[in-house]
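1. Show me how the following folds:
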Amino acid sequence: MTVGNAIDEYIALKENILSPTTTASYRKLKRNYFEDINHLQLRKLTQIIVQKWVNDLSSRISAKTISCAYGLLTVIISVYAPKLQIGKITLPQKKKPKSTALTQKETAILLNGIQGNVLEVPVLLALWLGLRRSEILALEWKDIDFENHTITIDKALVKAEGKKHLKSTKTTDSERTLSL
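-> I've put the predicted structure just below:
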C-alpha cells in the first residue's frame, strides 16, 4: 500500500466519525504536502525519507501545518504498518501565535463600523460572548431563553468541501449556556 492509498483508506475508514472539517483537512494535506511521498510504499518509509520530507516542507509551510501533516503520516503508519519503526523525526519548532485583544479605541471603531450592518449581531455575539463563527452560524431561536436571559451553544455549522454541515461544537467543553 502506498502512502497516498493509506491516507485515502484512513479517511474512508473514519469519514462518518471525524468532523467534516477534519476529513477535508486531511484531503487538503494529502493534495498539497504529500506529493513527494504519496507514491512510496508505506513499508519502505525510513527515518531518512521522512526527515527529508519534513525538511523540504519546512522551507515553504508553517511549523503548525508540518505538525498536522506529520501527525497524519504517523496515524496511517500506526494503522496500516504498525510494525514500521521510523525513529525520531525532528520537526520545526512551532511559534506561539501572538494574539492581542482590541483596545477600547479599536472596539469603538468596530462597533461604529458595524452599526446597522447585517454583520452587527454576529460581530456583537463574537465580541461580547466569545462565540466562534461556526457557533454563531448554527444558532437558532430555540437556543435563546428570553425568560432566563441565556443562550445555549451546543452545535456548529461548518463548511467543508463546498457543503455545509451541522455538527457538535469543537470540543465538548465548548457546549455551554451563557448569560445575556
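2. alpha carbons only for contacts and neighbour counts from here, please
-> Will do.
3. which stretches of this protein form helices?
-> 3-14, 20-33, 47-58, 63-80, 104-114, 120-129, 133-138 (DSSP state H).
4. Now do the same for the residue lying closest to Tyr10 once chain neighbours are set aside: its pLDDT.
-> Counting by CA to CA, 6 or more residues apart in numbering, Tyr10 lies nearest to Ile76, which is 6.7 Å off, once chain neighbours are set aside. Note on Ile76: pLDDT of 96.
5. ok, now which ones touch Ile76?
-> Shown in contact with Ile76 (CA atoms under 8 Å, 6 or more residues apart in numbering): 3, 6-7, 10.
6. Over to Ser179?
-> Neighbours of Ser179 in contact, by CA under 8 Å, 6+ apart: 149-151.
7. Give me the distance between it and Ser62.
-> As for Ser179, its distance to Ser62 is 38 Å (criterion: CA to CA, to the nearest Å).
8. Repeat that for Gln104.
-> Distance from Gln104 to Ser62, by CA to CA: 32 Å.
9. Those two: who's more crowded?
-> Neighbour count, other CA atoms under 10 Å: between Gln104 and Ser62, Ser62 has more, with 14 against 9.
10. Now do that one, the pLDDT please.
-> Looking at Ser62, the pLDDT reads 93.
11. next one: Gly87
-> 89.
12. Neighbours of it, how many?
-> 11.
13. Next: Val158.
-> 21.
14. what about this structure, any weak spots by pLDDT?
-> The chain contains no residues with pLDDT under 70.
15. Lys30 reaches Gly4, doesn't it?
-> Yes - under the criterion of CA atoms under 8 Å, Lys30 makes contact with Gly4 at 7.2 Å.
16. measure the residue of the chain positioned farthest from its centre to Lys164 for me?
-> Ranked by distance from the centre of the chain (CA atoms, centre = their mean), the top residue is Glu147, with 35.5 Å. To Lys164, Glu147 is 31 Å away according to CA to CA.
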